[in-house]
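Asker: Next comes the sequence, and after it the predicted model I'd like to discuss.
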Amino acid sequence: MRFSDWATRVSLIFFMLAALMLVLSFGKAKQLPKNITTANPDINVWSRYPQIKAQQIESKGDKAQKLLKTPEKTKQQTGRYTTTEAFASYTPRYEVAAVDSSNYGDRYTQDINGIPVNNQPIIVIHETGYSAASAINFFQNRHDDESVQASYHTLIKLDGTVVYLVPPEKRAFGAANSVFEGLYGAETVQTNPNLPPSVNNFAYHVSLETPPDGRGDNYIKAHSGYTEAQYHSLAWLIAQSQIPEDRITTHQAVDRSGQKIDPISFDFDKLLTLLNTYREISPVYRVQR
């Protein structure tokens with residue numbers, strides 16, 4: 001083989017490799033925005049969600065349980081809402097149950113296309129469908145199948161006990177394939193290319209334990225409803241947030257699958273009446289308006 005032929009072949013190979021590297025680099029650059037979905041560092045945003053009021057929990061070596069620890073909350077003095085004397089006088093029992101890390105994740109600042117997301121928080125109310133113990137057991141087991149991963153931030157038992165499950169700054173998997181129809185239109189965020197968009201990225205999920213007569217039947221349309229203690233604990237919990245009434249919703253309202261109807265037999269007016277006894281518009285906010 002003549003030197004000129006050999007040099008020509010080497011040059012061709014070099015240019016082919018260079019072109020391949022350029023194509024690969026361009027492909028990565030095109031894909032990069034879709035992968036830049038980092039956890040939202042703005043802790044102040046998530047401080048508007050209900051928090052653990054009292055904090056005397058002894059860790060048992062479970063790192064996930066440590067994540068649930070938050071500063072003790074007292075009567076709020078700033079923001080749109082401030083808690084009332086009724087709030088201060090009501091102290092429900094509480095528990096902390098660590099959820100397996102497969103059942104919750106980070107909140108994102110960008111969707112799968114790299115578009116920034118800055119939705120204001122919402123609260124989504126659910127019911128367990130079965131006992132509280134059954135729901136907690138499900139959340140504490142690992143689920144590698146993304147389609148069955150699920151969790152709430154908190155759960156309220158029949159006796160009013162508040163069970164803290166997922167830290168508010170994390171994204172609980174409470175409402176797959178969902179959208180919130182708010183004052184500014186439809187709101188939903190896709191953070192997983194393999195799953196439909198949902199409200200999870202900006203939602204705080206709280207669930208009420210289903211009464212015994214409503215458990216185990218996926219087609220039930222009504223049951224005996226929730227206890228007085230559950231309504232009080234739910235209102236007390238929400239009163240700790242700065243989330244307005246028009247951004248408090250239900251699983252049925254945000255669901256796009258047409259299959260979710262919880263919380264069944266829920267009295268929204270009763271909740272709002274109690275909520276207005278546990279919090280009020282801040283005097284500072286009134287003056288600013």
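Answerer: It's in. This is a predicted model, so every value here is computed, not measured.
Asker: For the host helix or strand of Thr273, which outside residues touch it?
Answerer: Secondary structure from DSSP states H and E places Thr273 in helix 268-278. Among residues not part of helix 268-278, those counted as contacts by CB atoms under 8 Å, 6 or more residues apart in numbering are 83-84, 86-87, 90, 125, 231-232, 234-236, 238-239, 245, 248, 250. Using the backbone N, CA and C atoms, a C-beta is placed for each residue, glycine as well.
Asker: Tell me how far it lies from the chain's centre.
Answerer: Between the centre of helix 268-278 and the centre of its chain there are 22 Å (CA atoms, centre = their mean, to the nearest Å).
Asker: quick one: least confident helix or strand in the protein?
Answerer: Every helix and strand in the chain was compared by mean pLDDT, DSSP states H and E; the lowest is helix 63-66, with a mean of 40.
Asker: For the next helix or strand after the helix holding Thr273, which helices and strands make contact with it?
Answerer: Beyond helix 268-278 on the C-terminal side, the first helix or strand identified by DSSP H and E is strand 279-281. Counting contacts by 3 or more CB pairs under 8 Å, 6 or more residues apart in numbering; DSSP states H and E, the secondary-structure elements packed against strand 279-281 are strand 81-83.
Asker: So which elements touch the strand it packs on?
Answerer: Under the contact criterion of 3+ CB pairs under 8 Å, 6+ apart, the helices and strands touching strand 81-83 comprise strand 279-281.
Asker: Report the buried residues of the strand it packs on.
Answerer: When burial is assessed from 16 or more other CB atoms under 10 Å, strand 279-281 yields the following buried residues: 279-280.
Asker: Give me the residues contacting that strand.
Answerer: With contacts defined as CB under 8 Å, 6+ apart, strand 279-281 is touched by 76, 80-84, 87, 239.
Asker: And those, which is closest to Gln149?
Answerer: Comparing the contacts of strand 279-281 against Gln149 with CB to CB picks out Ala239 as the nearest, at 29.7 Å.
Asker: Contact partners for that closest one?
Answerer: Neighbouring residues of Ala239 by CB under 8 Å, 6+ apart: 81, 83-84, 87, 275, 278-279.
Asker: Would you mind measuring from it to Arg215?
Answerer: Counting by CB to CB, to the nearest Å, the separation of Ala239 from Arg215 is 29 Å.
Asker: And for Ala222?
Answerer: Counting by CB to CB, the gap from Ala222 to Arg215 is 13 Å.
Asker: so where do the helices sit in the chain?
Answerer: Ranges of helices in the chain, per DSSP state H, are 3-35, 43-46, 63-66, 85-89, 132-140, 228-239, 251-254, 268-278, 283-288.
Asker: Quick check: mean pLDDT of the fifth one?
Answerer: The one in question is helix 132-140. Looking at helix 132-140 alone, the average pLDDT works out to 98.
Asker: who's in contact with that helix?
Answerer: Residues from elsewhere that reach helix 132-140, judged by CB under 8 Å, 6+ apart: 97-100, 103, 128-129, 150-152, 155, 157-158, 163, 165, 207, 209.
Asker: Could you list which of the residues you listed belong to strands?
Answerer: For the contacts of helix 132-140, the ones inside strands are 155, 163, 207, with DSSP state E as the criterion.
Asker: Could you give the bridge partners of the second one?
Answerer: Here Val163 shows beta-bridge partners Glu95, Leu155, assigned using DSSP bridges.
Asker: tell me the contacts of it?
Answerer: With contacts defined as CB under 8 Å, 6+ apart, the neighbours of Val163 are 94-97, 132, 136, 154-157.
Asker: rerun that using 10 Å as the cut-off
Answerer: Contact criterion CB atoms under 10 Å, 6 or more residues apart in numbering gives 93-97, 132-133, 135-136, 152, 154-157, 207, 209 as the residues in contact with Val163.
Asker: now do Ile248
Answerer: Here Ile248 is in contact with 122-125, 204, 206, 234, 238, 241, 268, 271-272, 275 (CB under 10 Å, 6+ apart).
Asker: burial count for Tyr81?
Answerer: The burial count assigned to Tyr81 is 22, neighbours taken as other CB atoms under 10 Å.
Asker: Isn't it up against Ser241?
Answerer: Yes. Contact status for Tyr81 versus Ser241: in contact at 7.9 Å, counting by CB atoms under 10 Å.
Asker: The nearest residue to Ser207 once chain neighbours are set aside: neighbour count?
Answerer: Closest residue in space to Ser207, ignoring its immediate chain neighbours: His126 at 3.9 Å, by CB to CB, 6 or more residues apart in numbering. Neighbourhood size, His126 [other CB under 10 Å]: 22.
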